[in-house]
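Chemist: structure of the sequence below:
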Amino acid sequence: MKKLLGILALTLAASALASAANAREQDYFESINWNTEYRMDYQDVDNGIGNEGFKSENSKENVLRNTLSGTLNLQDEWGLKADFSILSKTYDKESFVDSDAQGWETDLNVRKSIKLGNYDTDFTLIEWKRWENGSGDETNVFLMGPKFSVKVLGQNVSVATQAVYFDDEVGENDYYVSGTEGYGANIDFGIGGNLYQGDYGTVSYDQVLENHWRNATGTNDYKNSWKIKSVSTLKYETPAFLGGFYAGTELLNEWIRHTASAENGVAGFKYTNEFNVTPYLGYKTSFSTPIGEVAVNPYVQYRALQRFTAENGESDNDRETNETNRFTAGLSLGLKLD
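Modeler: Numbers count the residues shown, from 1 in each chain. Predicted structure coming up:
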């Protein structure tokens, strides 16, 4: 997989350079992005909740995440666009113990830009998602169906209705039991935008509602299940200062409910709720090159507060709340081709 990623990165760079010189008559890359970040999670080993700072005995998880992403304009295929993202994860600590585990996440979707009246929309045709862990187990999810995104009154609105096939070995699917295969459907809605933008900065919000139905096939007699998910985000960001620095704070609340609870000895959670407060600081700059504009964005984040509550599906009263604080340092590089 490492060799594949290296070859892909080299191919992307070569294709981008070549396509910039041939008048865009063939397929070409609109943008290529690289993000690398190191995450360090800390949790109070005595209480499971509370911010105890960066103590070595509370070090829970360390992971290096590298992401290659971009957009390919398929000029020869009716003006379709393909978005891709490849994420590698390398751990040196998991669950408070040293680790050398690795993982991969891949996302590829094909979409078409369509103009509906006065609105510019994106229509997603098909999407493939894949997860792989260090043991070689993998999860594949294929999604097909309309997914619209449009700007209405300055707000970004998205709606998706998709048929789903999944083959899950890693436990990354939306079904409440891992190691299953089956089919389902997604009905999603999202809205977001700026609440305020002026001399004092920007206040923005994002609200996503996901309704994912799954039906496992095979010999296991598991229940059909809806996974209902709500993600609410409120963010404040300062105006740029000192030549490109910025700072802000993000509030996030994620609520998840599985309509089918765990059964037949299968462990699972039918309800979780997570609330985070994450201040951040970064620096943005950009410069022009013969093939396009390069953007550079180093940043740091600190999840200073978290409340994660989970209810086990086997008991209505079995709830547990924990807190994991997270420090993140990262660097994003982007190339937008002319």
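Chemist: where does the stretch 51-200 of the chain have low pLDDT?
Modeler: 76-77, 118-120 (pLDDT under 70).
Chemist: strands of that one, start to end?
Modeler: For the stretch 51-200 of the chain, applying DSSP state E, counting those that start in this stretch gives strands covering 59-74, 80-94, 97-98, 102-116, 119-133, 138-144, 147-152, 155-168, 181-198.
Chemist: mind putting those strands in a markdown table, distance to residue 272 and mean neighbour count included?
Modeler: To be clear about C-beta, it is placed using only N, CA and C from the backbone, and glycine gets the same treatment. Formatted as a markdown table, the strands of the stretch 51-200 of the chain follow (distance: least, Cβ to Cβ, whole Å; neighbours: other Cβ atoms under 10 Å):
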| stretch | distance to residue 272 | mean neighbour count |
| --- | --- | --- |
| strand 59-74 | 18 | 18 |
| strand 80-94 | 20 | 17 |
| strand 97-98 | 24 | 9 |
| strand 102-116 | 20 | 16 |
| strand 119-133 | 19 | 17 |
| strand 138-144 | 19 | 18 |
| strand 147-152 | 25 | 15 |
| strand 155-168 | 19 | 17 |
| strand 181-198 | 18 | 15 |
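Chemist: which one of the ones you listed lies nearest to residue 285?
Modeler: When these are compared by Cβ to Cβ, strand 59-74 sits nearest residue 285, at 20.1 Å.
Chemist: list the strands paired with the closest one, with their directions.
Modeler: Partner strands and pairing direction for strand 59-74 (DSSP bridges) are strand 28-42 (antiparallel), strand 80-94 (antiparallel).
Chemist: same list (the strands of the stretch 51-200 of the chain) but as a markdown table, adding distance to residue 273.
Modeler: As requested, the strands of the stretch 51-200 of the chain are exported to a markdown table (distance: least, Cβ to Cβ, whole Å):
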| stretch | distance to residue 273 |
| --- | --- |
| strand 59-74 | 20 |
| strand 80-94 | 24 |
| strand 97-98 | 28 |
| strand 102-116 | 24 |
| strand 119-133 | 24 |
| strand 138-144 | 24 |
| strand 147-152 | 27 |
| strand 155-168 | 23 |
| strand 181-198 | 19 |
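Chemist: and residue 48, what is it in contact with?
Modeler: Each residue near residue 48 by Cβ atoms under 8 Å, 6 or more residues apart in numbering is listed here: 320-323.
Chemist: in strands, which of those fall?
Modeler: Judged by DSSP state E, these include 320-322 as members of strands.
Chemist: can you pick the most crowded of these?
Modeler: In terms of neighbours by other Cβ atoms under 10 Å, those top out with residue 322 at 16 neighbours.
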